[in-house]
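Chemist: based on what follows, work out the 3D shape:
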Amino acid sequence: MRMKNLYKKPITTTLHYNIWSRYCSMSVVIIWSLLILGCIFLLHLYSNNTSLNMIHPLHSSSYFNQLQQVENEKFQIPPPNKKRLPQSKSITPLVDEFLDKDSTLRHVFFPHKTNAIDPMKTIGKEINDSYSYYYPGRVWLDTDGNPIQAHGGCILYDEISSTYYWYGEYKDGPTYLAHGNKGPARVDIIGVGCYSSKDLWTWKKEGIVLTAEKTNKAHDLHKSNVLERPKVIYNEKTRKYVMLMHIDDANYAKASIGVAVSDTPIGPFKYLGSQRPNGYQSRDMTVYKDEDSVAYLIYSSEENNVMHIGPLTDDYLNVTSVMRRIFVGQRREAPAMFKHKGIYYMITSGCTGWAPNEALVHASDSILGTWETIGNPCVGGNKMFRVSTFLAQSTFVVPLNKFPGLFIFMADRWNPGELRDSRYVWLPLIVDGNDDQTLEYGFGYTLWPRVSIYWHRKWKLPLGWNTLK
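Modeler: Numbering: from 1, shown residues only. Coordinates of the predicted model:
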């Protein structure tokens with residue numbers, strides 16, 4: 001039986017109007033509040049130069065998924081050449097072909113110069129000011145239309161000028177063997193080239209910022225000697241740009257670290273001399289500047305059987321007595337160090353001269369602590385590409401601060417027959433892993449986040465990456 005509501009009162013027209021009026025007023029307030037909050041949110045995003053799809057880039061950005069897609073390479077290795085000299089250091093048939101200047105696959109390793117990438121021109125519809133593609137292995141031209149000469153180098157982001165600077169070996173000279181028909185391939189020292197950029201793709205030549213010595217044969221920088229792998233960092237205390245490099249003689253017996261300084265990133269740099277750090281040999285090297293402004297020198301030593309790592313002095317001009325020996329007996333060189341979520345990573349190559357070999361990634365939660373080898377980071381291409389680091393050798397890793405976990409892996413594809421025509425292989429490097437700390441098991445093993453370098457014939461950086469815009 002349905003009961004009548006004894007407490008129900010009749011609703012008058014006036015009461016209905018008041019409720020509707022209040023409802024409308026509240027709706028207007030809510031709508032305006034949402035509009036204001038939306039404007040504030042959009043203004044915040046604009047002021048930080050951030051787009052909506054960049055809030056969690058590693059998980060929500062479709063472009064990251066594109067970079068992680070495996071791209072394969074298919075080509076037929078020709079039958080063995082009976083006239084080819086045996087390559088005792090080669091590891092795959094692909095490397096044999098790579099070292100053979102008469103190989104029919106040379107166009108794969110070193111695309112013809114007519115395919116050079118000229119940032120000052122538009123190639124079809126695939127390149128524009130916003131999206132500039134990297135083409136690993138192609139000739140890369142500067143803004144004057146000349147091939148970039150910055151091998152074995154590094155990238156410095158200069159906060160004072162809000163500019164990127166690319167330093168490297170200027171190898172624009174004829175290639176010859178150091179001792180007639182024997183010895184390593186080499187070019188005379190010309191100096192260290194410097195290029196500037198606002199977008200990491202269009203590079204203006206700033207000149208040779210550290211030049212060779214042409215007459216004094218006793219000088220470290222005499223053209224007959226060796227200058228390799230220059231790295232430049234800025235010292236906030238002294239307000240000097242400091243360049244460190246591998247200095248050697250034609251026999252690779254000097255094995256020292258050279259130092260030069262400048263008041264500006266474009267030089268000229270003043271050479272201060274060289275030494276063996278703590279009395280040890282130093283060949284392939286790099287420099288890493290940590291977030292606390294302490295800089296570290298990392299170099300192959302002890303006949304390339306051990307890598308050393310240790311802090312520099314406060315002015316970055318010398319080493320301290322602190323030094324740690326790592327990768328003992330592993331014969332690693334070409335170190336490139338970077339950091340992500342408090343973990344230090346280093347990519348190294350094996351020691352096989354100009355022949356490419358397998359890259360390895362190493363990790364540590366302390367730069368002077370214990371380093372563990374993770375494995376080969378190369379993904380895509382084909383198996384032979386992966387075990388030869390895409391026919392290239394590591395030199396530097398560039399962080400992209402707006403996309404945590406995304407880096408640019410810089411490598412050189414050396415051309416031992418014509419070193420001036422060595423190519424640049426820049427590829428996306430991504431660190432996967434959601435944990436801020438490594439996961440430790442009870443039996444003492446550590447699970448490190450995965451580090452991957454993805455092969456692409458062409459690729460581009462995601463929109464909004466640039467801290468300068």
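
Chemist: may I have the phi/psi pair for Thr215?
Modeler: phi -110, psi -40 (degrees, to the nearest 10).

Chemist: repeat for Pro147
Modeler: Its backbone dihedrals place Pro147 at phi -60, psi 140, with angles given as degrees, to the nearest 10.

Chemist: for Met384, same thing?
Modeler: The phi/psi pair for Met384 (degrees, to the nearest 10) is phi -70, psi -30.

Chemist: burial count for it?
Modeler: A count of nearby residues for Met384, using other CB atoms under 10 Å, gives 19. To be clear about C-beta, it is placed using only N, CA and C from the backbone, and glycine gets the same treatment.

Chemist: in which helix or strand does the residue lying closest to it once chain neighbours are set aside reside?
Modeler: In space, and not counting its chain neighbours, Met384 is closest to Leu94: 3.9 Å by CB to CB, 6 or more residues apart in numbering. Element membership for Leu94, per DSSP states H and E: helix 93-99.

Chemist: how about Leu210?
Modeler: According to DSSP H and E, Leu210 maps onto strand 204-211.

Chemist: adjacent strands (with direction) for that strand?
Modeler: In the sheet, strand 204-211 lines up against strand 191-197 (antiparallel) (DSSP bridges).

Chemist: in the strand it pairs with, what's buried?
Modeler: Gly191, Val192, Gly193, Cys194, Tyr195, Ser196, Ser197 (16 or more other CB atoms under 10 Å).

Chemist: possible to save these as JSON lines with distance to Thr264 and pLDDT?
Modeler: Listed next are the buried residues of strand 191-197 as JSON lines, based on distance: CB to CB, whole Å; pLDDT from 0 to 100:
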{"residue": "Gly191", "distance to Thr264": "16", "pLDDT": "98"}
{"residue": "Val192", "distance to Thr264": "14", "pLDDT": "98"}
{"residue": "Gly193", "distance to Thr264": "16", "pLDDT": "98"}
{"residue": "Cys194", "distance to Thr264": "10", "pLDDT": "98"}
{"residue": "Tyr195", "distance to Thr264": "15", "pLDDT": "98"}
{"residue": "Ser196", "distance to Thr264": "11", "pLDDT": "98"}
{"residue": "Ser197", "distance to Thr264": "16", "pLDDT": "96"}
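
Chemist: touching the helix holding Leu94 from outside, list them.
Modeler: 77-78, 80, 84, 87, 90, 103, 105, 109, 354-357, 384-385, 388, 391, 416 (CB atoms under 8 Å, 6 or more residues apart in numbering).

Chemist: now the residues you listed: which count as buried?
Modeler: Here, 16+ other CB under 10 Å leaves Ser90, Ser103, Phe109, Trp354, Ala355, Pro356, Asn357, Met384, Phe385, Ser388, Leu391, Pro416 buried among the contacts of helix 93-99.

Chemist: quick one, phi/psi of the fifth one?
Modeler: Same thing as Ala355. Torsion angles, degrees, to the nearest 10, at Ala355: phi -80, psi 130.

Chemist: could you list the paired strands of the one helix or strand Ala178 maps to along with their orientation?
Modeler: Per DSSP H and E: Ala178 is located in strand 176-179. If you go by DSSP bridges, strand 176-179 pairs up with strand 182-186 (antiparallel).

Chemist: quick one: the partner strand to chain centroid distance?
Modeler: How far strand 182-186 lies from its chain's middle: 28 Å, per CA atoms, centre = their mean, to the nearest Å.

Chemist: contact partners for Lys214?
Modeler: Per CB under 8 Å, 6+ apart, neighbours of Lys214: His222, Lys223.

Chemist: what about Asp329, neighbour count?
Modeler: Check again: residue 329 is Gly, not Asp. Gly329 - counted by other CB under 10 Å - has 8 other residues nearby.

Chemist: what about the residue nearest to it when sequence neighbours are not counted, neighbour count?
Modeler: Spatial nearest neighbour of Gly329, excluding adjacent residues (CB to CB, 6+ apart): Asn305 at 5.8 Å. Other residues near Asn305 come to 16 when the count uses other CB under 10 Å.

Chemist: distance of Asn305 from Asp292?
Modeler: 31 Å (CB to CB, to the nearest Å).

Chemist: where does the stretch 101-250 of the chain dip in pLDDT?
Modeler: Counting by pLDDT under 70, the stretch 101-250 of the chain contains low-confidence ranges at 122-131.

Chemist: so what pLDDT did the most centrally placed residue in the chain get?
Modeler: In the chain, the residue lying closest to the centroid (CA atoms, centre = their mean) is Val397, at 2.4 Å. Here the pLDDT value assigned to Val397 is 98.

Chemist: next SSE downstream of the helix or strand where it lies?
Modeler: Applying DSSP H and E as the criterion places Val397 in strand 393-399. For strand 393-399, the succeeding helix or strand toward the C-terminus, using DSSP H and E, is strand 406-413.

Chemist: who touches Thr395 in this structure?
Modeler: Residues near Thr395 by CB under 8 Å, 6+ apart: His151, Gly152, Gly153, Cys154, Gly168, Arg229, Thr286, Ala334, Ala336, Met410, Ala411, Asp412.
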